[in-house]
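Visitor: Fold the following for me, if possible:
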Amino acid sequence: MGSQEVEVFSVCHADAIERGDAKGFSLSRIDESGESRPFPIVVVRTFGNDYHGYVNRCPHDGVWLNIGSGEFFSSDRAFIRCGRHGATFEIDSGFCIDGPCNGKALEPVALAVVDGDVCLCGVKLVEDNGLPDPFEDGDETMDIMIHPD
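Guide: From the prediction side, this is the model:
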């Protein structure tokens, strides 16, 4: 079996999120057609020091979970909660246990802690370095062929 290289992208330092807290990040990913799409995620750090990542989008109506209040949690911080209509999700599974999308789940994203950084795995992100790489093969590249006479 050939080794498949997995894209790993550092999102933040592991200690940038307190235990029992969550942070939202606005990333951009490349979809199947090569287009850049917004990719908002939430990273939750549990009191037990586990990290869980989900797409920051409520399955009920597609809004950010922390819309309005900026908070990701229920008042007792035991669940992830959507700020718009109160859908409540289990932190470790993303499964909705209460609210308008009961039985649905948040879309998980694969995370790993590598060298003290929380990293997103297996997602092709738009590198935010501002300048396009002139050596990347883009559609704009023209192949110029020289035909000897």
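
Visitor: Could you confirm residue 15 falls within a helix?
Guide: Yes: looking at residue 15 with DSSP: H, G, I helix; E, B strand; the rest coil, it is inside a helix.

Visitor: Not counting residues beside it along the chain, what's closest to it?
Guide: Among residues not flanking residue 15 along the chain, residue 116 sits closest, at 7.6 Å (Cβ to Cβ, 6 or more residues apart in numbering). C-beta coordinates here come from the backbone N, C-alpha and C atoms, glycine included.

Visitor: okay but the one you found is in contact with residue 14, surely?
Guide: Yes: counting by Cβ atoms under 8 Å, residue 14 is a contact partner of residue 116 at 5.3 Å.

Visitor: which residue is nearest the middle of this protein?
Guide: For the chain, residue 41 is the residue whose C-alpha lies nearest the centre (Cα atoms, centre = their mean; 3.4 Å).

Visitor: For this protein, just list every one of the strands.
Guide: For the chain, the strands defined by DSSP state E cover 8-13, 21-30, 36-45, 51-55, 79-81, 88-90, 96-98, 108-109, 111-114, 117-121.

Visitor: From the contact counts, what lies against the third one?
Guide: With contacts defined as 3 or more Cβ pairs under 8 Å, 6 or more residues apart in numbering; DSSP states H and E, the secondary structure elements packing on strand 36-45 are strand 8-13, strand 21-30, strand 51-55.

Visitor: chain center to that strand: distance?
Guide: With Cα atoms, centre = their mean, to the nearest Å as the basis, strand 36-45 stands 3 Å off its chain's centre.

Visitor: got the CA coordinates for that strand in CSV?
Guide: Extracted C-alpha coordinates of strand 36-45, given in CSV (Å, rounded to 0.1, in the frame of the first residue of the first chain):
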residue,chain,number,x,y,z
SER,A,36,-12.1,28.5,-2.5
ARG,A,37,-15.0,28.2,-0.1
PRO,A,38,-15.5,29.6,3.4
PHE,A,39,-14.7,26.9,6.0
PRO,A,40,-15.7,28.1,9.5
ILE,A,41,-14.8,25.6,12.2
VAL,A,42,-15.0,25.5,16.0
VAL,A,43,-12.4,23.8,18.1
VAL,A,44,-13.6,22.7,21.6
ARG,A,45,-11.1,21.8,24.3
